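Student: Take this sequence and fold it.
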Amino acid sequence: MPLESPPLDDRGEVIPHDHPGIEAEDGVIRRISPQHMVDDPKTQGRRLSSIAFQASTGHRGGMSIDLQRLIEEAGLDPKAYVLSPPWIGAVRFTAGALRGEGFMVGYDPIPQQNPFHGQVWGNFSKRLQRRLSILAEWFVNVITE
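Tutor: Okay, the predicted model is just below:
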């Protein structure tokens, strides 16, 4: 079922919001780029960096995400959809888990580019970035698959 349009300001930009059409169990996918990975001397491998769980720069900066249910309702494979270059993987949360940490999960479609795009807005403190890294589950990882 399509989501109703997000709230817009007088310039037509999406206002940070917690969208009522995004259910607690809905999948929220965060794409992972090569820059999101760092060497981990403890494990002698690689791990996700805290920058994978930061808001974008800008006056309304949220953490860019894709809404899994919308991708699936469009008849697309969400794992393939979120890997279009330069992404090397994606992690998944549920909207409810993000809201449980005090974040808002909103709908922020990008016309002509990504109609399934959303944002997570809130306080991306170091403590909450660590919590997000714990809550994140690999959804697709081309490095290990």
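Student: Strands of this structure, residue ranges please.
Tutor: Here the chain has its strands, by DSSP state E, at 27-32, 37-40, 45-48, 63-67, 89-94, 104-107, 117-121, 137-141.
Student: Could you give the average pLDDT over stretch 19-29?
Tutor: Mean pLDDT, stretch 19-29: 98.
Student: Redo the strands of the chain as JSON lines? Include mean neighbour count and distance to residue 17.
Tutor: Quick note: C-beta positions are derived from backbone N, CA and C, even for glycine. Output for the strands of the chain, formatted as JSON lines (neighbours: other CB atoms under 10 Å; distance: least, CB to CB, whole Å):
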{"stretch": "strand 27-32", "mean neighbour count": "22", "distance to residue 17": "15"}
{"stretch": "strand 37-40", "mean neighbour count": "13", "distance to residue 17": "31"}
{"stretch": "strand 45-48", "mean neighbour count": "14", "distance to residue 17": "27"}
{"stretch": "strand 63-67", "mean neighbour count": "23", "distance to residue 17": "14"}
{"stretch": "strand 89-94", "mean neighbour count": "22", "distance to residue 17": "18"}
{"stretch": "strand 104-107", "mean neighbour count": "23", "distance to residue 17": "5"}
{"stretch": "strand 117-121", "mean neighbour count": "23", "distance to residue 17": "8"}
{"stretch": "strand 137-141", "mean neighbour count": "16", "distance to residue 17": "24"}
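Student: okay if I get the ones you listed as TSV plus distance to residue 129?
Tutor: Shown next, in TSV, are these (distance: least, CB to CB, whole Å):
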stretch	distance to residue 129
strand 27-32	12
strand 37-40	13
strand 45-48	10
strand 63-67	10
strand 89-94	13
strand 104-107	16
strand 117-121	12
strand 137-141	16
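Student: do you know which of those lies nearest residue 7?
Tutor: strand 104-107 (8.7 Å; CB to CB).
Student: which helices and strands sit right next to that closest one?
Tutor: Helices and strands touching strand 104-107, as assessed by 3 or more CB pairs under 8 Å, 6 or more residues apart in numbering; DSSP states H and E, comprise helix 95-100, strand 117-121.
Student: do you know which of the strands of the chain lies nearest residue 77?
Tutor: Judging the strands of the chain by CB to CB, what sits closest to residue 77 is strand 137-141, at 9.9 Å.
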